[in-house]
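S.K.: one predicted model, sequence on top.
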Amino acid sequence: MAEFRLEPGEHIARAVRKHWFVHVLEVLPFALLALFPFLIPSLLSFVASNSPTTLTGLLSALTTDNPWVRLLLGLWWLVMWVAAFNAFTSYYLNQWIITSHRIIEINQRGFFNREVSSILLNHVQDVTSDVRGLFATLLGYGTITIQSAGADTFFHMQGIENPTALRDLVMREIAQLHGHTEKPGILERLV
Amino acid sequence: MNPELPSAPLQGISSPLAFFPEITSAYDLVSIIFTVIFILWALYTLIAAYHWLRFARNSWIAVPAVGAHLFVSAVLMIYATSGFN
């Protein structure tokens, strides 16, 4: 990533994006809209069954042999493709990077609005993961919220893959930063 | 009879194409519309490719993603204009 440089001794623990299923849900409307032109002849034939004289001519012209139909169909699909590619670009360029020192949130909102913000791990006060809903539970995605110790600073990412493991990772990095070891404590050993 | 009403016969509404004397046929109109769409697409593609290659250049997916966009767009544009050969 070109937006930030790692400090000496800092390493990237993990980089995460939204879950693939969330991205599929974002792209699905464009796929359905791309299929919509195939419904138009069926709809017209349904209407023409009630008033055959008005729409029969139009219906016979709606074939892919007609260059105008091809033009409209091709341009419609081009628009849908660009919209889906745009959603994929946004999905790929948005991410969270957890390093040994901080959490970096990269938020691409359109092409001319890219926000990169960081929060130091030693400023993190609370990390909350939230998995809600049937698909989220089955596929393992959810929301993670990180609150800093200072003011009202929140890091919030929805639809992220495996938020529980990410929360544990953040807590582990914080513990390492404060010099705690990976060894389990007395209570953890007893449990 | 109202004297403010015109006495001459009403003229028909002229076609919008009359404002563009160079456009003599529907095919000319298609080529102009398509050129405008192509310019918009090219601008979008340049900006998207810039973002992919600047912010995700270390990723293996950057070049295939831009390549897939170019390929699919080209196929769709060729399909759209294929009836006007």
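M.R.: Done, it's in.

S.K.: how close does the closest residue to residue A:6 other than its chain neighbours sit to chain B?
M.R.: Distance criterion CB to CB, 6 or more residues apart in numbering or on different chains; nearest residue to residue A:6, sequence neighbours excluded, is residue A:99 at 6.6 Å. C-beta coordinates here come from the backbone N, C-alpha and C atoms, glycine included. Residue A:99 is 16 Å from chain B, where distance means CB to the nearest CB, to the nearest Å.

S.K.: could you give the number of residues near residue A:99?
M.R.: If you count neighbours by other CB atoms under 10 Å in any protein chain shown, residue A:99 ends up with 19.

S.K.: ok, now residue B:79?
M.R.: 17.

S.K.: ok, now residue B:40?
M.R.: For residue B:40, using other CB under 10 Å, the count is 11.

S.K.: now it: phi and psi?
M.R.: Main-chain dihedrals, residue B:40, degrees, to the nearest 10: phi -60, psi -40.

S.K.: show me the contacts for the residue nearest to residue A:6.
M.R.: A:6, A:10, A:11, A:12, A:13, A:173 (CB atoms under 8 Å, 6 or more residues apart in numbering or on different chains).

S.K.: so which of the residues you listed belong to helices?
M.R.: Among the contacts of residue A:99, DSSP state H puts residue A:173 in helices.

S.K.: and the next element down the chain from the least confident helix or strand in chain B by mean pLDDT?
M.R.: When each helix and strand of chain B is scored by mean pLDDT, DSSP states H and E, helix B:26-55 comes last, with a mean of 88. Note on helix B:26-55: by DSSP states H and E, the next helix or strand toward the C-terminus is helix B:62-81.

S.K.: pull out the buried positions in that next one.
M.R.: Buried positions in helix B:62-81, judged by neighbour count with 16 or more other CB atoms under 10 Å in any protein chain shown: B:62, B:65, B:66, B:69, B:72, B:73, B:76, B:77, B:79, B:80, B:81.

S.K.: tell me the one of those nearest chain A?
M.R.: Chain A lies nearest to residue B:80 out of these, by CB to the nearest CB, at 2.5 Å.

S.K.: does that closest one touch residue A:70 like I think?
M.R.: Yes: using CB atoms under 8 Å, residue B:80 is in contact with residue A:70, at 6.2 Å.

S.K.: need the contact list for the residue nearest to residue A:37 when sequence neighbours are not counted.
M.R.: Leaving aside its chain neighbours, residue A:37 sits nearest to residue A:73 (5.7 Å; criterion: CB to CB, 6+ apart). Neighbouring residues of residue A:73 by CB under 8 Å, 6+ apart: A:37, A:64, B:79, B:80.

S.K.: helix, strand or coil for residue A:73?
M.R.: At residue A:73 the chain is in helix, as set by DSSP: H, G, I helix; E, B strand; the rest coil.

S.K.: Throw the buried residues of helix B:62-81 into JSON lines and include pLDDT and distance to residue A:22, thanks.
M.R.: Output for the buried residues of helix B:62-81, formatted as JSON lines (pLDDT from 0 to 100; distance: CB to CB, whole Å):
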{"residue": "B:62", "pLDDT": "91", "distance to residue A:22": "21"}
{"residue": "B:65", "pLDDT": "94", "distance to residue A:22": "18"}
{"residue": "B:66", "pLDDT": "94", "distance to residue A:22": "23"}
{"residue": "B:69", "pLDDT": "95", "distance to residue A:22": "21"}
{"residue": "B:72", "pLDDT": "96", "distance to residue A:22": "23"}
{"residue": "B:73", "pLDDT": "95", "distance to residue A:22": "25"}
{"residue": "B:76", "pLDDT": "94", "distance to residue A:22": "26"}
{"residue": "B:77", "pLDDT": "92", "distance to residue A:22": "30"}
{"residue": "B:79", "pLDDT": "92", "distance to residue A:22": "31"}
{"residue": "B:80", "pLDDT": "89", "distance to residue A:22": "32"}
{"residue": "B:81", "pLDDT": "86", "distance to residue A:22": "36"}
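
S.K.: within reach of chain A, which of the residues you listed are there?
M.R.: Restricting those to those within reach of chain A (CB under 8 Å from any CB of the partner chain) leaves B:65, B:69, B:72, B:73, B:76, B:77, B:79, B:80, B:81.

S.K.: now for those residues: which two are most distant?
M.R.: Spanning the widest gap among those are B:65 and B:81, at 25.0 Å by CB to CB.
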